[in-house]
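Enquirer: kindly generate the corresponding structure for this input.
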Amino acid sequence: MNKYSQVKTWCAIFFLLCSLFINGQEKTIPTDTLSNIRLREVIVTATQPNTPGTSSVIGQDAIRHIQATDLSDLSQLLPGVLTRNPDLNTPAVFTIRSATYENATNALGTAILVDGIRMNNNMNMQQMGLEGQSSLFNSSVLSGFDIRSLSPASIESVEVIRGIPSARYGDATSGVVLVNSKAGLQPYTVGLRFTATEKLASISKGMAIGNHGGILHLGADYALSAQDPRIPEQAFQRLGIQIAHSKDFPTASLRFNLRGYWMRDKGGYGRNSVDGEFQKAFNRGLSFSANGQWNLNKSWISNLEYRTGLTYGYQKNESSTYYSGTQQVTTYTRQPGEQAGIFLAPNYFSHLSVEGKPIYADMSLTANLRNTLYNNVYNHFLLGMEISTEGNRGEGIVFDPLQPPLEMIQVRSRSFRSIPFVNHYTTFAEDKVSFHMGKMRTELQAGLRITQLQTKTLHYTPAVDPRINLKQILVEQNKDAMLKHLSIRAGWGLMHKMPILTYLYPDKSYTDKNCFTYNDMENGERLTVMHTFATDRTFNPKLRLPVNQKLELGLNLQIGQVEADIVWFREHLRNGFSTSEQVEPFTYRRYDPLFSKGEHPELTSDGVINNGQPLPYTTYTTFATYTSPDNGIEQLKQGIEYTFDMGHWDLLHTSLFISGSYLNLHEKNTALSARYPQIEANGKPYPYVGIYETNSFAANLKVWQQFSTRFQFITQLPRIGLITTLTLQAVWMDKQRRGMESNYNNPVYLIDDNGNRIDGDPMTDTEHQKRINPVYYMDSEGVQHLFTPEMANDKRFADLVLTTGTPTAFLTDSFGPYFLLNLRVTKEIGRYVSVAFCANNFTQSNPKKYTCSTQQYTIQNPGLYYGAEIMIRF
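Expert: Numbering: from 1, shown residues only. Okay, the predicted model is just below:
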């Protein structure tokens, strides 16, 4: 069955369900009562709240209507965010004002708070050291929190703060996402959703406990996703629970929230695709939060807000990989110097386990004072403090040294329990003032947040985040006026990101060189000697905190039925976290080989001896390469976000909502990184190392330009309980390119076929090869020297000069315009049942665009995606 036939089948099932339920209701409900079955006008888009800052609020109606599978799907309601199809089989993160969903720097700087408690990824250690940061299956380490654990069925509302947040919120550079779980009275609600690849179910109930026992809310959800039904072993499962209890007292309120989740990812076979190979990732978590307020109503204090929270996680990545035909020798000692090595079996399974148990706890107390200073001056002052601690108590990296994963030779087993906890101490103050000047009204929000980070490795000065938002309402008139509202707003602030455990406490790096190997299987004589060089310089004592400076100007107006919100923003992130390659020279012995049978080599404290005689050797100098945390990322982005509510057309029962953005993003990696050519010169290890301000593609800059608009035609027929949203997404411009911007006057240059340097613009030239020299080079003594342009023609240093992959590597890839259509339908049937249908790109608009930089074609827009959902309330 092709995709068009599948769509027709789903549509037929959907409308058949509608007709069956309608017919059933018509038989049981008198005609004169149908007027009581009505939908209210609901909001199925993200809205801008009436605050000085820039944020978007997504309510429960919008969450239901978009039919999200995880929290990241809701970001598509934000201005300028393009459609993507849900995929629960890969980790999902939340990004704000980003050109891509996968930008790790943006995701790491996005704070996710659920019922006031942070769901951060700071304690995630699921990797094989910094060298193997991407080696584990479905790990979100060094990126944002995996939000697949948050089921939209358990969410009441979401607020995404895209601009300058309140001083209450910290440890973020991109923005803040505030998630409010369902609570309060609610009938039994059962939801079932089916797509081509996913099956989701949920149930919840909110009830009163006695007359004065408060309100108890219970919820559970389940999800199963298999992107390829032909391979059922590659699947994702999620099980979530939620228990919330709230109670109001005469002068206080208290709410408890317990949330838990269990997730399992199962991957395909390993690299050899044999029975016994597997990849698995387990992720379980439990979070508890308690918050409320105590109303004091004093002249010097209005109320006290209190909150405490605890999250405990269990993360485990397991894999089994089959290695065949290997004749390698290795060692897994932690002691430096010469050690007897290990002969690996020619064929074996390697089982790897990485277990983490992240723990996070915090508590805060905030005092509020609300009063009227003068006749028209209203003031809200708050002063608070927050204490948090975080760590990881997992077993860490475990594998059999006799059957190691060969890709991780530089890594040793490590327990995460040896890593000390990290503490944060924060104070914040903020004042909100609102006053009138004639017919105009001014709203000012100014705050300061100070955070002291306490670790055993780094001693930071307190991070100071001043923030200010100003809103000036120029016109505010009644409904009969043509210009009902006109206001401008401005904001500026600093936002710091705290370091993660992986960067604060990297493990040592180990480099092993084979000094001698003798293998006489016939006589049972075998010996291998390895020289191990260990370094703890993986820790960076100069690691700084990333800081983002945000500036924005906004305009709000309402003319007739048309409402507009336009904001210009500029953000400059400095010292973003990255990793860089470092080197350190060391010497080792290479013993003369033995070729005869029946020899008896032994390793002694003086070296290798054979039949009582020292074995001759030669001393060589080489370099150990290792990965260290750095502050290389610098992001500069600016753009415009806009939303237009064009009002309601009564005749068509339809409203038009237009939103979009223009984004210009420059991301540059300024960290110096070493590269050691793995070659020999005259039978010896290569004696030099190049130190570059670029990667192997001779580029350190990425530039994105994106301009898109989303047209949403929302039709609501309350009398029959029907809501449809037809969305046209238009991408007017989508440009990407790589570049090179040197901070050391070391640009990319062109060469002809004879290797001679020629004039020209490397960024636009498509005929000549491009090269870049190292900024420095290091010799075998560990001394760093400036690399001059003349050295590029010296044969001794020729292997240090990098070249681009293709002559077109720096060309701009420009796509657009291109379009797609999405459809959402929600139908209330009677009092208790609603059904919904969704289809992304249902016209299958997938234009093929030519990519100039790679000289290949790429397909734009996601593929066809569709599904149906039924919800029952009783």
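
Enquirer: only C-alpha atoms from now on, for both contacts and neighbour counts.
Expert: Noted.

Enquirer: please report how far the closest residue to residue 277 other than its chain neighbours lies from residue 441.
Expert: In this structure, residue 277 finds its nearest non-sequential neighbour in residue 320, 4.8 Å apart by CA to CA, 6 or more residues apart in numbering. Note on residue 320: its distance to residue 441, by CA to CA, to the nearest Å, is 66 Å.

Enquirer: cool, residue 456 as well?
Expert: The spacing between residue 456 and residue 441, counted by CA to CA, is 50 Å.

Enquirer: now do residue 819
Expert: If you go by CA to CA, the gap between residue 819 and residue 441 works out to 42 Å.

Enquirer: could you do residue 301 as well?
Expert: When distance is defined by CA to CA, residue 301 is 25 Å away from residue 441.

Enquirer: now do the contacts for the spatially closest residue to residue 772 that is not a sequence neighbour.
Expert: In space, residue 772 comes closest to residue 748 once its chain neighbours are excluded; the distance is 4.8 Å by CA to CA, 6+ apart. Listed by CA atoms under 8 Å, 6 or more residues apart in numbering, the contact partners of residue 748 are 698, 740, 762, 770-773.

Enquirer: so what does residue 748 look like in phi/psi?
Expert: Per-residue torsions, residue 748: phi -70, psi 140 (degrees, to the nearest 10).

Enquirer: right, and residue 229 touches residue 235 too?
Expert: No. The pair residue 229 and residue 235 fails to qualify as a contact (CA atoms under 8 Å) at a distance of 9.1 Å.

Enquirer: who has more neighbours, these two?
Expert: In this view residue 229 and residue 235 are compared by other CA atoms under 10 Å, and residue 235 has more residues nearby, 23 against 12.

Enquirer: run through the bridge partners of the more buried one.
Expert: Listed by DSSP bridges, the beta-bridge partners for residue 235 are residue 266.

Enquirer: and for residue 348?
Expert: Counting by DSSP bridges, residue 348 is bridged to residue 323.

Enquirer: beta partners for residue 867?
Expert: Counting by DSSP bridges, residue 867 forms beta bridges with residue 195, residue 838.

Enquirer: mind checking how far it is from residue 355?
Expert: 36 Å.

Enquirer: could you do residue 419 as well?
Expert: In this view, residue 419 and residue 355 are 14 Å apart by CA to CA.

Enquirer: same check on residue 656?
Expert: Using CA to CA, one gets 50 Å for the distance from residue 656 to residue 355.

Enquirer: dump stretch 186-202 to CSV, restricted to CA.
Expert: These are the backbone C-alpha positions of stretch 186-202, laid out as CSV (Å, rounded to 0.1, in the frame of the first residue of the first chain):
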residue,chain,number,x,y,z
GLN,A,186,-10.8,16.8,35.7
PRO,A,187,-13.1,14.0,34.6
TYR,A,188,-11.6,10.7,33.5
THR,A,189,-9.7,11.4,30.3
VAL,A,190,-8.5,8.6,28.1
GLY,A,191,-6.5,9.4,24.9
LEU,A,192,-5.4,7.0,22.2
ARG,A,193,-3.3,8.0,19.2
PHE,A,194,-2.1,6.0,16.2
THR,A,195,0.3,6.9,13.5
ALA,A,196,2.2,4.9,10.9
THR,A,197,5.1,4.5,13.4
GLU,A,198,3.8,5.4,16.9
LYS,A,199,1.2,4.2,19.3
LEU,A,200,0.4,6.4,22.3
ALA,A,201,-2.1,6.1,25.2
SER,A,202,-2.8,8.2,28.3
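
Enquirer: mind naming the longest strand for the protein?
Expert: Of all the segments of type strand in the chain, defined by DSSP state E, the longest one is strand 617-649.

Enquirer: show me what that one is packed up against.
Expert: In this structure, strand 617-649 makes packing contacts with strand 509-520, strand 562-591, strand 654-669, strand 684-685, judged by 3 or more CA pairs under 8 Å, 6 or more residues apart in numbering; DSSP states H and E.

Enquirer: could you dump stretch 137-146 to CSV, C-alpha only?
Expert: Extracted as CSV, the C-alpha positions of stretch 137-146 are listed here (Å, rounded to 0.1, in the frame of the first residue of the first chain):
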residue,chain,number,x,y,z
PHE,A,137,23.9,4.9,21.3
ASN,A,138,21.2,7.6,21.7
SER,A,139,23.1,9.6,24.3
SER,A,140,22.2,13.3,24.7
VAL,A,141,25.4,14.1,26.6
LEU,A,142,26.9,17.6,26.0
SER,A,143,23.5,18.7,24.7
GLY,A,144,20.1,19.6,26.2
PHE,A,145,17.8,17.5,28.4
ASP,A,146,16.1,14.6,26.5
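
Enquirer: one step back: give me the phi and psi for the residue nearest to residue 277.
Expert: Torsion angles at residue 320 (phi, psi; degrees, to the nearest 10) stand at phi -130, psi 120.

Enquirer: and if you look at residue 107?
Expert: Backbone torsions of residue 107, given as degrees, to the nearest 10, read phi -70, psi -40.

Enquirer: so what's it closest to, chain neighbours aside?
Expert: residue 144 (4.5 Å).

Enquirer: distance of the one you found from residue 422?
Expert: The gap separating residue 144 from residue 422 is 18 Å, by CA to CA.

Enquirer: okay, the residue nearest to residue 415 when sequence neighbours are not counted: pLDDT?
Expert: Nearest residue to residue 415 in three dimensions, chain neighbours excluded: residue 396, at 4.3 Å (CA to CA, 6+ apart). Residue 396 is assigned a predicted lDDT (pLDDT) of 94.

Enquirer: now do residue 339
Expert: As predicted, residue 339 sits at a pLDDT of 93.

Enquirer: equivalent analysis for residue 202, please.
Expert: So residue 202 comes in at 96 (pLDDT).

Enquirer: just to revisit the earlier point, tell me which of residue 867 and residue 355 has more neighbours.
Expert: Set side by side, residue 867 and residue 355 show unequal neighbour counts under other CA under 10 Å, the larger going to residue 355 at 26 against 22.

Enquirer: partners of the residue nearest to residue 415 in the sheet?
Expert: In this structure, residue 396 has the following beta-bridge partners (DSSP bridges): residue 355.

Enquirer: nearest to residue 561 among the contacts of residue 748?
Expert: residue 740 (48.6 Å; CA to CA).

Enquirer: isn't residue 115 right up against residue 182?
Expert: No. Under the contact definition of CA under 8 Å, residue 115 does not touch residue 182, with a separation of 9.8 Å.

Enquirer: so which of the two has more stuff around it?
Expert: Regarding residue 115 and residue 182, a neighbour count based on other CA under 10 Å identifies residue 182 as having more, with 25 against 21.

Enquirer: list the contacts for the closest residue to that one other than its chain neighbours?
Expert: Residue nearest to residue 182 in three dimensions, not counting chain neighbours: residue 156, with 4.6 Å by CA to CA, 6+ apart. Taking CA under 8 Å, 6+ apart as the contact definition, residue 156 lies against 59-60, 179-183.

Enquirer: surely residue 172 meets residue 494?
Expert: No. With contacts counted by CA under 8 Å, residue 172 stays clear of residue 494, the gap being 9.8 Å.

Enquirer: which one's more surrounded, residue 456 and residue 441?
Expert: In terms of neighbours (other CA under 10 Å), residue 441 is the more surrounded of residue 456 and residue 441; the figures are 18 against 11.

Enquirer: partners of the more buried one in the sheet?
Expert: For residue 441, the residues forming beta bridges with it (DSSP bridges) are residue 436, residue 473.

Enquirer: residue 820 now?
Expert: Under the criterion DSSP bridges, residue 820 forms beta bridges with residue 729.

Enquirer: report pLDDT for it.
Expert: 95.

Enquirer: just the pLDDT for residue 277.
Expert: Here, the pLDDT recorded for residue 277 equals 88.
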